[in-house]
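Novice: next comes the sequence, and after it the predicted model I'd like to discuss.
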Amino acid sequence: MAPVDRSVTAKPINFQVAFPSTWSGRAAQLGGGGMNGTIPALTGNPFGQGFVTYGSDSVVPDSANTGSSWATGNKTFLASVNTFSDGTDCKWRFNGQANSTNLQFMLDNPRVESMWQYLKRRFGYRTGIVTTADVTDATPAVQGGYDLTCGIFYVGVWALSLDFAGNLPGTASFDQTGAPYDASIEMDWYIGIKPVTGRITWDLGVIYYSYPNRSNPGLDLNYLELKVGASAEIWKGGTLGVTVFWSPEYQLESGSTWTVETGFTHVFPKFNAIHRDWTPSFSALLGWQINEGNASYKFTYGNGDDSYLYWNVGLTLGFLDKWSLDFRYWDTNLSSNTGGSAFCRGQTFQCDERFVATLKFTY
């Protein structure tokens, strides 16, 4: 394809499409990581799952700016949300009228009617943008679980979507041996008992972490963990708990690993707002994980060391009996370990500080 740029230095845009032998009815555009001048590998995943895959050796826009463009009808800046291509703000939108102050911004940042707005205006369609996201993104994700209880006994499963390749289709992460690995589904199976002795509620269980569609010819992703926890109400509405986890062979065959978590929760009195009752609660958690010094652990999780701290603090609002909305800050001290701060922004183990909002329904 000929480029829009007509200068002598402009190069043609090369474009390729890969067709699977059995088509799933879906397609995916793959990016090569920006202006790297190469067509991305098209025959890995999701091609292996029946996708038609296509890509070029030119720049592929990312989700942040394309989401803004779809929603607003404006050309936006790469890797940014709601920012125009030259970095200026759309100041004329504040009053919607042209005057000597905002006319320059109207001319500099012209807005066009998006397809969604056109369909709504012309045909009365109900429009919206639907997106998929993984738990490793800084964007929404959906998780779900189911528990069965009988007296002090419980058994259950928890499932979520993820992407060890950092949401880059056709790529993979690499373990300590250099072998690639990836998975898009995690399923955690657990069984245990919760006996009560005096004021203390115990939690004794076994958890098996599995990745049904994993691709890892090297070190294994699946692993087993034993759990012992104890919690008690230390004052009315306030609960303090400690849980210890131990895995004889942690993920990616990284050896014996201990995890200790201390959590606190305080439930406040209900209040009424916006014509409904709300139940607020504050909670915080501090965790510490230490490994036997296995090379695989240091490479993938410890950022060159054999231990790290993590913590979170947040506010939860319960409403309509079975719904809750949680606002939480997460962070670790991994950026100060031997490997430096760049480790936490990698595609496998994203451990930098972040804010997470969670909407939960319990049935």
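Specialist: Thanks, I have it. Owing to the predicted nature of the structure, the values given are computational and were not obtained by experimental measurement.

Novice: low pLDDT regions in the stretch 151-300 of the chain?
Specialist: Within the stretch 151-300 of the chain, the ranges that satisfy pLDDT under 70 run 165-172.

Novice: could I get the full set of helices for the chain?
Specialist: Chain-ordered helices for the chain, with DSSP state H as the definition, fall at 63-72, 103-108, 115-123, 295-300.

Novice: how far off centre is the last one?
Specialist: Okay, so that is helix 295-300. When distances are taken as Cα atoms, centre = their mean, to the nearest Å, helix 295-300 is centred 22 Å away from the chain's centroid.

Novice: and the contacts of it?
Specialist: 175-177, 219, 250-255, 257, 291, 304-306, 348-349 (Cβ atoms under 8 Å, 6 or more residues apart in numbering). From N, CA and C alone the C-beta is placed, and that goes for glycine too.

Novice: dump that helix to PDB, keeping only the CA atoms.
Specialist: In PDB, the C-alpha atoms belonging to helix 295-300 read as follows (Å, rounded to 0.1, in the frame of the first residue of the first chain):
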ATOM      1  CA  ALA A 295      16.400 -19.200  40.000                       C
ATOM      2  CA  SER A 296      13.000 -19.400  38.300                       C
ATOM      3  CA  TYR A 297      11.400 -17.400  41.100                       C
ATOM      4  CA  LYS A 298      14.000 -14.700  41.100                       C
ATOM      5  CA  PHE A 299      13.700 -14.400  37.300                       C
ATOM      6  CA  THR A 300       9.900 -14.300  37.100                       C
END
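
Novice: which positions within it qualify as buried?
Specialist: Ser296, Tyr297, Lys298, Phe299, Thr300 (16 or more other Cβ atoms under 10 Å).

Novice: tell me how many other residues crowd the residue lying closest to Ala2 once chain neighbours are set aside.
Specialist: Nearest non-adjacent residue to Ala2, counting by Cβ to Cβ, 6 or more residues apart in numbering: Pro12, 6.1 Å away. Residues lying near Pro12 (other Cβ atoms under 10 Å) number 10.

Novice: could you check the pLDDT of Pro12?
Specialist: As predicted, Pro12 sits at a pLDDT of 75.

Novice: remind me, longest strand of this structure?
Specialist: Using DSSP state E to define each element, the chain has its longest strand at strand 276-291.

Novice: Arg276 bridge partners, please.
Specialist: Here Arg276 shows beta-bridge partners Ala273, assigned using DSSP bridges.

Novice: so what's the residue count around it?
Specialist: By the other Cβ under 10 Å criterion, the neighbourhood of Arg276 contains 8 residues.

Novice: picking up where we left off before, contact partners of the longest strand of the chain?
Specialist: 250, 254-268, 270-272, 297-298, 301-302, 306-320.

Novice: let's see which of those residues end up in strands.
Specialist: In this view, these that belong to strands under DSSP E are 257-267, 271-272, 307-319.

Novice: now list the buried members of the residues you listed.
Specialist: Judged by neighbour count, with 16+ other Cβ under 10 Å as the criterion, the buried members of those are 257, 259, 261, 263-267, 307-308, 310-312, 314, 316, 318-319.

Novice: returning to that earlier point: with just CA atoms, put the longest strand of the chain into CSV.
Specialist: What follows is strand 276-291 as a C-alpha-only set of coordinates in CSV (Å, rounded to 0.1, in the frame of the first residue of the first chain):
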residue,chain,number,x,y,z
ARG,A,276,-31.1,3.1,48.9
ASP,A,277,-29.2,1.7,51.8
TRP,A,278,-25.4,1.4,51.6
THR,A,279,-23.1,-0.6,53.9
PRO,A,280,-19.6,0.9,53.9
SER,A,281,-16.5,-1.0,55.0
PHE,A,282,-12.8,-0.3,55.2
SER,A,283,-10.2,-3.0,54.6
ALA,A,284,-6.4,-3.3,54.2
LEU,A,285,-4.0,-6.1,53.6
LEU,A,286,-0.2,-6.6,54.0
GLY,A,287,1.4,-9.6,52.4
TRP,A,288,4.9,-11.0,52.3
GLN,A,289,6.2,-13.8,50.0
ILE,A,290,9.5,-15.6,50.4
ASN,A,291,11.1,-18.3,48.2
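
Novice: and the direction of it versus that of strand 307-319, what angle?
Specialist: An angle of 170 degrees separates the directions of strand 276-291 and strand 307-319 when computed by axes from the mean of the first three to the mean of the last three Cα atoms, to 10 degrees.

Novice: for strand 276-291, buried residues please.
Specialist: For strand 276-291, burial by neighbour count (16+ other Cβ under 10 Å) applies to Trp278, Ser281, Ser283, Leu285, Gly287, Gln289, Ile290, Asn291.
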